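Visitor: A structural model of the following input is requested.
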Amino acid sequence: MIYLQLFLSFLQVGLFSVGGGYAAMPLIQSQVVERHPWLTLREFTDLITIAQMTPGPIAINSATFVGVRIAGIPGALVATLGCIAPALVLVSLLAWVYNKYKNLSVLQNVLACLRPVVVALILGAGLSILVLVVLDGAPLRAENIQWIDTGLFVAALVILRKAKWDPILTMCLCGAAGLVLHLVLPVA
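Guide: Residues are numbered from 1 along each chain as shown. Purely as a prediction, here's the structure:
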């Protein structure tokens, strides 16, 4: 039964995650945290971090990780297959349709309408993770703000946007700085 649940959950993620891994994050969260409490919200953010750091698409890495966690290697295979099956079928069909009808204005209009939806999904996922990092799941009050994590977020944002540093270098430096700061500074 767990294999069927894993397959169907990640089949839904694979079917409805238009826009790639970042757009899939809210769908994955809905399945693995809310619908099936396989992970806590904190574990989910750790999952996303690991899925981003490892090679490959975020949704597939997430499916594999959750599958292993819930049902071992067979669970990983089932969850990953559920996640990639819709893409295999849909991409093949869409490639055929696009090649055949790529000059139709209706198709171009449909593609233009999907862009804002993808941006909204990515923004929603980013805000969910930002709230978790800044507040650690607590209500919005000054004493609940995770100041070290918030400072690291702001520093990383400035370094990436203004200084144009390499994202991997920035991630490593912020990870090291976070480790040192969390070890040295007392937690309130």
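
Visitor: how about the helices of the protein, start to end?
Guide: 2-16, 21-29, 41-53, 58-101, 105-135, 147-158, 167-184 (DSSP state H).

Visitor: now the second one against helix 105-135, angle please.
Guide: Note on geometry: by axes from the mean of the first three to the mean of the last three C-alpha atoms, to 10 degrees, helix 21-29 and helix 105-135 are set 60 degrees apart in direction.

Visitor: identify the residue nearest the most centrally placed residue in the chain in space, chain neighbours excluded?
Guide: The residue lying closest to the centre of the chain (C-alpha atoms, centre = their mean) is residue 25, at 3.5 Å. Nearest non-adjacent residue to residue 25, counting by C-beta to C-beta, 6 or more residues apart in numbering: residue 125, 3.7 Å away. All C-beta atoms are positioned from the backbone trio N, CA, C, and that covers glycine.

Visitor: contacts only, for the residue nearest to the centre of the chain.
Guide: Applying C-beta atoms under 8 Å, 6 or more residues apart in numbering to residue 25 gives the contacts 48, 58, 125, 128, 129.

Visitor: in a markdown table, list those along with distance to residue 40.
Guide: Putting these into a markdown table (distance: C-beta to C-beta, whole Å) gives the following:
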| residue | distance to residue 40 |
| --- | --- |
| 48 | 13 |
| 58 | 19 |
| 125 | 17 |
| 128 | 14 |
| 129 | 14 |
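
Visitor: pull the most distant pair out of those.
Guide: 58 and 128 (14.3 Å; C-beta to C-beta).

Visitor: ok, those two, which is more surrounded?
Guide: residue 58 (21 against 17; other C-beta atoms under 10 Å).

Visitor: against residue 52, how distant is the nearest residue to that one once chain neighbours are set aside?
Guide: Excluding the flanking residues, the one nearest residue 58 by C-beta to C-beta, 6+ apart is residue 21, at 2.9 Å. For residue 21, the distance to residue 52 equals 8 Å [C-beta to C-beta, to the nearest Å].

Visitor: shared neighbours, these two?
Guide: residue 58.

Visitor: who has more neighbours, those two?
Guide: More crowded of residue 21 and residue 52, by other C-beta under 10 Å: residue 21, with 20 against 15.

Visitor: contacts only, for that one.
Guide: So residue 21 contacts 51, 52, 57, 58, 59 (C-beta under 8 Å, 6+ apart).

Visitor: looking at the residues you listed, which is nearest residue 9?
Guide: residue 59 (11.7 Å).

Visitor: tell me how far the nearest residue to the closest one once chain neighbours are set aside lies from residue 142.
Guide: Of all residues not flanking residue 59 in the chain, residue 24 sits nearest, at 4.2 Å (C-beta to C-beta, 6+ apart). Taking C-beta to C-beta as the measure, residue 24 falls 34 Å from residue 142.
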